[in-house]
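# structure for the following, please:
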Amino acid sequence: MAITSTARPVPAPRRVIDVDLDAPLPRLVADETGSSALVIGYRGGHPTGTLDVLLTDDPADATRALGTLRETVLADVEPVADDRLPVVSVVVSTIVDRVEDLGRLLDVLEHMDYPDHEVIVVDNRVRVPADDRLPALLAGRDVRLVTERRPGLSAGRNAGVAAARGEVVAFTDDDVSVDPQWLRALGARFVREPGLDAVSGVILPTELSTPAQIWYEAYYGGFSGERTFAPVTIVPDDVTGTMRHARVQAVRPDGSVAKHFAVYGIGAYGAGANMAFRRSVIDAVGGFDTTLGAGSPARGGEDLAMFVETLWRGGRIGFEPRAVVHHRHRRTIEDLHKQLHGNGVGFTALMCALAAKDRRHVAVLARLVPAAAMVKVRETVGRLRTGSAPVPTPQTAVPSVPDAGVPRSLAYHELRGFPAGPAAWFRSRRRWRDVEAGRFHAG
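A predicted model of the protein is given here:
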């Protein structure tokens, strides 16, 4: 049974506006591009928070609404000298289906504010079309090209890691843009906390022009969890680092604990579009799991698997809000439904992959799944509260989605992916065996 979103009001386009909070505020008014905006506040070139603002004909209304955003501050950090920063290899695996976006990404990556880095583009297409646009895109660029014809994002990333010369390997996707200081923020965090094995960062939307993009932002605020701009370090709850209870904690810079949660919820603090690992950790884990990820029947989960494996081994992950990328959410409802279904498939496929690799996950999951299911239900109900959001006045706090609530179809497509995950993982494992044996041929 198909569930559509046509019964719910369609939200109007929203603007995404960057504002320097230390400068005079820009004149923000409603115009032909929209009457609401997601305003991202910056200080010193780094974001400190976001706020949904209803725009009117009077710029004073927006100025008043931005009062709470102007109160946000940027956490003080110790500057890191260039000669202390690690060599970083940036890996972008692509099937070259978003050429314009890839070109814009490379324009920035080539000229990052970073003393020693390389950019590796992995051509992960199984077949190359006759009118291949990649050579022209890479011509004249200071970019290394690696070819990996075996299918799947994990295979592509592993090929990039194998070719990398950096002691830190950073990953992003070809549908994002990165802030100029993205790489410096990642590298500096590794220096300030030498015990870190990985660093993740903030993912912000590039645009909110279509209902699908607006609904995705409301449903998955922060891309993979509740968006935060406070740095934390994710460490095992158990001081012995054995992960006997599969619990981790998010620790603030002052040593206080912000949150306790199951290791499988690490997606709230990281995703594949914005992550970096020490090369030694990737090698120790054995690379990204080729039975997971985009381009495989499992559809996703390879990034979370690497995060979980890092913590499972007693490692530490730093969440660094100064490391920012901007993601272009799916523009159509059809594509969004496919993405959410893939998220559901990928998550339960991930559980199968983890259990197959280490049987201790089976006992932990058997204990955690009932409670996790209840949490998921509560989260879904909260996201799908019926009725439109109240229309705010310029003097009041503005709800995250001022035009309409989130359609039930989003949860439907994600939830129906969960039971499909195990079978998808078994198909993916069988296919990868065929790939390694040279028996796989793309249809």
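# what mean pLDDT does the helix or strand containing residue 425 get?
Element membership for residue 425, per DSSP states H and E: helix 421-436. Here helix 421-436 scores 96 as its mean pLDDT.
# report the buried residues of it.
421-422, 424-426, 428-429, 431-432, 435 (16 or more other Cβ atoms under 10 Å). C-beta coordinates here come from the backbone N, C-alpha and C atoms, glycine included.
# which one of the residues you listed sits closest to residue 124?
Closest to residue 124 out of those is residue 435 (12.7 Å), distances taken as Cβ to Cβ.
# tell me which stretches of this structure form helices.
Listed in chain order, the helices of the chain (DSSP state H) span residues 59-65, 67-70, 99-109, 134-138, 153-163, 182-192, 211-219, 279-285, 302-312, 333-357, 360-383, 408-415, 421-436.
# packed most tightly, which of the ones you listed would that be?
Mean neighbour count (mean count of other Cβ atoms under 10 Å) peaks for helix 302-312 among the helices of the chain, with a mean of 25.
# so that helix versus helix 333-357, what angle?
Inter-element angle recorded for helix 302-312 and helix 333-357: 30 degrees (by axes from the mean of the first three to the mean of the last three Cα atoms, to 10 degrees).
# show me what helix 302-312 packs onto, helices and strands only.
Packing partners of helix 302-312 (3 or more Cβ pairs under 8 Å, 6 or more residues apart in numbering; DSSP states H and E): helix 153-163, strand 198-205, strand 232-236, strand 275-278, helix 279-285, strand 317-327, helix 333-357.
# let's see that with 7 Å instead.
Here helix 302-312 touches helix 279-285, strand 317-327, helix 333-357, going by 3 or more Cβ pairs under 7 Å, 6 or more residues apart in numbering; DSSP states H and E.
# could you dump those to CSV with mean pLDDT and distance to residue 168?
Supplementary listing: the helices and strands packed on helix 302-312 in CSV, determined by pLDDT from 0 to 100; distance: least, Cβ to Cβ, whole Å:
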stretch, mean pLDDT, distance to residue 168
helix 279-285, 97, 7
strand 317-327, 96, 12
helix 333-357, 94, 24
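# go through these and name the closest to residue 106.
strand 317-327 (13.9 Å).
# and that closest one, how far out from the chain middle?
Relative to the centre of its chain, strand 317-327 is centred 9 Å away, using Cα atoms, centre = their mean, to the nearest Å.
# and for it, what's in contact with it?
For strand 317-327, the external contacting residues (Cβ atoms under 7 Å, 6 or more residues apart in numbering) are 46-47, 172, 175-179, 182, 185-186, 189, 193, 196-206, 223, 229-234, 269-270, 273-274, 307, 310-311.
# can you check stretch 77-87 too?
Contacts with stretch 77-87, where a contact means Cβ under 7 Å, 6+ apart, come from 114-117, 165-168, 187-188, 190-192.
# quick check: end-to-end length of that stretch?
21 Å (Cα to Cα, to the nearest Å).
# with stretch 54-68 instead?
Using Cα to Cα, one end of stretch 54-68 lies 14 Å from the other.
# can you list the low-confidence ranges for the stretch 251-400 of the chain?
371-400 (pLDDT under 70).
# go through the buried residues of helix 421-436 and name the one nearest residue 288.
When these are compared for distance to residue 288 (Cβ to Cβ), residue 432 wins out at 11.9 Å.
# coming back round to it: ok, which of the helices of the chain comes nearest residue 16?
Smallest distance to residue 16 across the helices of the chain (Cβ to Cβ): 9.5 Å, for helix 211-219.
# then that closest one to PDB, C-alphas only?
Presented in PDB, the C-alpha positions along helix 211-219 are these (Å, rounded to 0.1, in the frame of the first residue of the first chain):
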ATOM      1  CA  PRO A 211       9.000  20.200  -0.100                       C
ATOM      2  CA  ALA A 212      11.100  17.100   0.000                       C
ATOM      3  CA  GLN A 213      14.200  19.000   1.200                       C
ATOM      4  CA  ILE A 214      12.200  20.900   3.800                       C
ATOM      5  CA  TRP A 215      10.500  17.700   5.100                       C
ATOM      6  CA  TYR A 216      13.800  15.900   5.200                       C
ATOM      7  CA  GLU A 217      15.400  18.600   7.200                       C
ATOM      8  CA  ALA A 218      12.500  18.600   9.700                       C
ATOM      9  CA  TYR A 219      12.400  14.800   9.900                       C
END
